[in-house]
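Enquirer: Here's my sequence, what's the structure:
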Amino acid sequence: MPAATTYPHSLLAFKEDIKHSGLIDWIKAHTSFMRPLHRYYGVLEVNQQSLVFSGSDEKKGGHFGLTVPISDIRDLHLGFDSVFKRIDDRSLGIFHFVPLSIHFITNGKESTVYVFANYSSLIRQSDNQELFDELNTLMATFRK
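Expert: This next block holds a predicted model:
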């Protein structure tokens, strides 16, 4: 069994966090060397069975953790959508810097999180393409 892949310096926000972000959040996301819209900062890990996020809640403080079994992931989308819009990012997605949305079922309810895996503010990039490819591969094994 391959080892888990770890993405340090990862950003995460639920769909509701993006929808309810305010003017101050938007201004911060559009300021040089600031992070894109997000609520949680931490480490993202992917193993054969699950996607695990462990970090801190930057809005309310304290620890935040999320575990999503790979089998519960319903869809992935790499790019902007009707919730995380191109205008929500200061580069407008020009440099192929786009969010990864992960749609999953938890406790019988649909949820969506937006991720920037291993985000680097210095060079403004993430490992979202790598994470997208890895999750697609793992999801395919559950659909066989």
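
Enquirer: Once you drop chain neighbours, what's closest to Ile105?
Expert: Leaving out its chain neighbours, the residue that sits closest to Ile105 by Cβ to Cβ, 6 or more residues apart in numbering is Asp72, at 5.0 Å. To be clear about C-beta, it is placed using only N, CA and C from the backbone, and glycine gets the same treatment.

Enquirer: what about the one you found, distance to Gly42?
Expert: Distance check for Asp72 against Gly42: by Cβ to Cβ, to the nearest Å, it reads 20 Å.

Enquirer: between these two, which one's more packed in?
Expert: Gly42 (22 against 16; other Cβ atoms under 10 Å).

Enquirer: so where does the more buried one fall, helix or strand?
Expert: strand 40-46 (DSSP states H and E).

Enquirer: list the buried ones in that strand?
Expert: Tyr40, Tyr41, Gly42, Leu44, Glu45, Val46 (16 or more other Cβ atoms under 10 Å).

Enquirer: Now for the residue nearest to Ile105: which residues touch it?
Expert: By Cβ atoms under 8 Å, 6 or more residues apart in numbering, Asp72 lies in contact with Phe104, Ile105, Thr106.

Enquirer: ok, now Leu12?
Expert: Listed by Cβ under 8 Å, 6+ apart, the contact set of Leu12 reads 38-42, 44, 53, 55, 66, 113-116.

Enquirer: can you pull the contacts of Ser10?
Expert: Tyr41, Gly42, Val43, Leu44, Phe53, Gly55, Val115, Phe116, Ala117, Asn118, Tyr119.

Enquirer: Then Asn128?
Expert: Shown in contact with Asn128 (Cβ under 8 Å, 6+ apart): Leu78, Val98, Pro99, Leu100, Val115, Phe116, Ala117.
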